[in-house]
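Asks: Got a predicted structure here, sequence first:
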Amino acid sequence: MSAQLPKAGDLVHVTRAASVQFVNPIMCRVIRVLDWITYDRWCWLDVYQLDAKGDAVARRSIFVQPAGLQIQRPAPTPRKPTRSAAIPNVRQDRRPAGVPATPQRRAAQARRTAGHG
């Protein structure tokens, strides 16, 4: 039985159990699991190495055994977009600026500008 691979966004604690190169454990945020041919029960991960505050300090590709990874927190589930997430200050009307929308507005605009010509 193989260990479950982490997903993009997962926070993982990488220790010596994952690979001998990690004598000093590191915290990482998974960017993606690379689809590279490798040994059985090993994988390549693209990760951001995190500092003690949780800020990314380096981008790395690491070669690990998924069974040795300690997933600390699963990736957040994406939220459904809402209507309020639309870009603000965008014209919804496709007409050029200054063009009336209806015949009534056209007539009203013509009356306002009739004496200016």
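Replies: On my side now, so go ahead. Numbering: from 1, shown residues only.

Asks: and Ser61, what are its bridge partners?
Replies: Asp46 (DSSP bridges).

Asks: give the contact list for it.
Replies: 34, 44-47 (Cβ atoms under 8 Å, 6 or more residues apart in numbering). Any C-beta I mention is one placed from the backbone N, CA and C, and that applies to glycine too.

Asks: Verify the stated contact: Ile71 with Asp10.
Replies: Yes: counting by Cβ atoms under 8 Å, Asp10 is a contact partner of Ile71 at 5.4 Å.

Asks: about what we covered before: which one of the contacts of Ser61 sits closest to Ala58?
Replies: For these, the residue nearest Ala58 by Cβ to Cβ is Val47; the value is 9.0 Å.

Asks: what separates Ile26 from Ile37, distance-wise?
Replies: 25 Å (Cβ to Cβ, to the nearest Å).

Asks: These two: who's more crowded?
Replies: A count of neighbours by other Cβ atoms under 10 Å puts Ile26 above the other of Ile26 and Ile37, at 18 against 5.
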